[in-house]
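>>> Mind folding the following:
(chains A, B, C and D)
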There are 2 protein chains.
Amino acid sequence: MKLSTRGRYAVMAMVDLAAHTEDGKPVSLADIAERQEISLSYLEQLFGKLRRGGIVKSVRGPGGGYVLGRAAGETRIADIVLAVDEPITATRCQLGTSVGCRGNRSRCATHDLWEELSHQIHLYLSSVSLADVVARRVLGAPGVARDAVGRVA
Amino acid sequence: MKLSTRGRYAVMAMVDLAAHTEDGKPVSLADIAERQEISLSYLEQLFGKLRRGGIVKSVRGPGGGYVLGRAAGETRIADIVLAVDEPITATRCQLGTSVGCRGNRSRCATHDLWEELSHQIHLYLSSVSLADVVARRVLGAPGVARDAVGRVA
DNA sequence: CGATATCCGACCAAAATAGTCAACCGCTCG
DNA sequence: CGAGCGGTTGACTATTTTGGTCGGATATCG
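Presented below is the predicted three-dimensional model:
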C-alpha cells in the first residue's frame, strides 16, 4: 500500500464524481477539473488508470464522461488508491512487497513492521467506501480520541 | 504523518543501533553503515535530525558514536519517523495538516478521511517500540493497534 | 599533536510527481 | 452525414523529493 498525493487526487476526483452523479448521467472530466482545481490533463491520466481498474466506466461522445463502475457504497477507497498507485518500486524493503530485504547479516529486522503497517493502512482504507466520504461519514474508528500530529520533543 | 523511505532508513538504523548497544558504549555510524548498507554520509544527515529530536545522544571523539536517548522500550517508532520526516510540505490537503484545503466549492470532502488515516498510522507506529522491533515482536495487531505502553525489553 | 568521529552546509544526480501537449477516435446531434 | 464534443493515448517537460557526496570544522581521547 503506497500513499502518494496522486492517490489523494484520485480520491478527491472520485468523491466529486460520486457526489455529482445524477441517475446515469456521465460527468465530464472538465467539470471535475474545474470544481476540484485539478488540471484536466492530469485527470485524464488518473481516469485512464481508474477505467482500466474497473473503478469507472467511460462514455464517449457529446454528453459523455465518466460513470461509477460500481455503486458508491461498493467502491472502497483502497480500490481507488490501488488503481492509480499500482506497481511498487521494490526498493529495498518496501511497504507493499514481501521481496527486497535480501538476506544480509541482520536480515531486515524491520520487514515485519512495514508489512504490518501496510496491512493496517489497507485495512482502514478498505473500511471506508466512496459513499462514506461523500456523506462525510469517515470518523467511526472505534474508541480513538483526538490528537493527530504535533509533537516535537 | 508522512511515510517515506527516509523514515524507513532511519528506523533500520535505529534498530541496528539498539541491537548493537552493549552497556553504555556508543555505536559509530561507520559500523551501522557497514551492517545496514546505508551510506555513511546519508546516515550523518539522518542522525543529525535524530539527535536534534532527542532520539539519540552523540559522543564525539575516538571511541565515540551514538547512544539511545531513551531506553529501547521507551522509544516508539513514530518518534523516529517524525524526527526525520518533519516539516510537511502543506500541498493542498496533506496527510498531517489541518490547513490546506481552502474553502472552495466542495470544501475538500476528503479532508476528514486523510486526517483520520494519518491518525491511524500514527496510532500504529506509536504502539510499537524500538525494543519490539529488535525482538521481532511486531505482529499480532488484529484490527487496530494494541497496547501502546506497558511493555519493556 | 594527531587519529578518530561527530557535525554541518553546500552541492548533485536520479527518480518520482505533477502537469502539458498534440494527435486521435468514437459517438451523438443537428 | 459530418462537425464537434469528449474520452484515449503517449510522449514530453518542469518541479520536488530523495538519496548520496564532498569538504571542512570541531571535539575528544590517547
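>>> and for stretch A:41-50, what are the contacting residues?
Residues outside stretch A:41-50 that contact it (Cβ atoms under 8 Å, 6 or more residues apart in numbering or on different chains) are A:6, A:9-10, A:13-14, A:29, A:32-33, A:56, A:58, A:66, A:80, A:83-84, A:86. In this view, the C-beta of every residue, glycine as well, is placed from N, C-alpha and C.
>>> now do stretch A:73-81
A:1-3, A:7, A:10-11, A:14, A:18, A:50, A:53, A:55, A:68-69, A:122, A:125-131, A:133, B:113.
>>> Which ones among those map onto strands?
Using DSSP state E, residue A:68 are the members of these that sit in strands.
>>> The contacts of stretch A:73-81, buried ones only, as a PyMOL selection?
The buried residues among these can be selected in PyMOL (16 or more other Cβ atoms under 10 Å in any protein chain shown) with this line:
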select buried, (chain A and resi 1+2+3+7+10+11+14+18+50+53+55+68+69+122+125+127+128+129+130+131+133) or (chain B and resi 113)
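>>> Could you tell me which residues of chain A lie near DNA strand D?
A:26, A:28-30, A:41, A:44-45, A:47-48, A:51-52, A:58-66, A:91 (Cβ under 7 Å from any atom of the strand).
>>> In chain A, which helix is the longest?
helix A:111-127 (DSSP state H).
>>> counting contacts, what elements does it pack onto?
Applying 3 or more Cβ pairs under 8 Å, 6 or more residues apart in numbering or on different chains; DSSP states H and E, we find helix A:111-127 packed against helix A:77-85, helix B:111-127.
>>> per-residue confidence averaged over the shortest one?
Averaging the model's pLDDT scores along helix A:77-85 yields 90.
>>> Next: the longest one.
Along helix B:111-127, the predicted confidence averages to a pLDDT of 88.
>>> Of the residues of chain A next to DNA strand D, just the buried ones, ChimeraX syntax please.
Buried members of those, defined by 16+ other Cβ under 10 Å, are picked up in ChimeraX with:
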select /A:26,29,47,65,66
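>>> Tell me which of the residues of chain A next to DNA strand D fall in strands.
A:58, A:59, A:65, A:66.
>>> Could you check how many residues crowd around the residue nearest to the last one when sequence neighbours are not counted?
Right, the one you point to is residue A:66. The spatially closest residue to residue A:66, leaving aside those adjacent along the chain, is residue A:56, at 4.6 Å (Cβ to Cβ, 6 or more residues apart in numbering or on different chains). When neighbours are counted by other Cβ atoms under 10 Å in any protein chain shown, residue A:56 registers 25.
>>> Could you do residue A:110 as well?
Other residues close to residue A:110 by other Cβ under 10 Å number 26.
>>> Also the one 4 residues further on?
Residues lying near residue A:114 (other Cβ under 10 Å) number 24.
>>> Convert the C-alpha atoms of the lowest-mean-pLDDT helix or strand in chain A to PDB, please.
Here the helix or strand of chain A ranked lowest by mean pLDDT, DSSP states H and E is helix A:111-127, holding a mean of 88. Written as PDB, here are the backbone C-alpha positions of helix A:111-127 (Å, rounded to 0.1, in the frame of the first residue of the first chain):
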ATOM      1  CA  HIS A 111      10.500  -6.100   7.400                       C
ATOM      2  CA  ASP A 112       7.600  -7.300   9.600                       C
ATOM      3  CA  LEU A 113       7.000  -3.800  10.800                       C
ATOM      4  CA  TRP A 114       6.400  -2.300   7.400                       C
ATOM      5  CA  GLU A 115       4.400  -5.300   6.300                       C
ATOM      6  CA  GLU A 116       2.100  -4.900   9.200                       C
ATOM      7  CA  LEU A 117       1.800  -1.200   8.800                       C
ATOM      8  CA  SER A 118       0.900  -1.600   5.100                       C
ATOM      9  CA  HIS A 119      -1.700  -4.100   6.200                       C
ATOM     10  CA  GLN A 120      -3.100  -1.600   8.800                       C
ATOM     11  CA  ILE A 121      -3.400   1.100   6.100                       C
ATOM     12  CA  HIS A 122      -5.100  -1.200   3.700                       C
ATOM     13  CA  LEU A 123      -7.400  -2.300   6.400                       C
ATOM     14  CA  TYR A 124      -8.500   1.200   7.200                       C
ATOM     15  CA  LEU A 125      -8.900   2.400   3.600                       C
ATOM     16  CA  SER A 126     -10.900  -0.800   2.800                       C
ATOM     17  CA  SER A 127     -13.200   0.000   5.700                       C
END
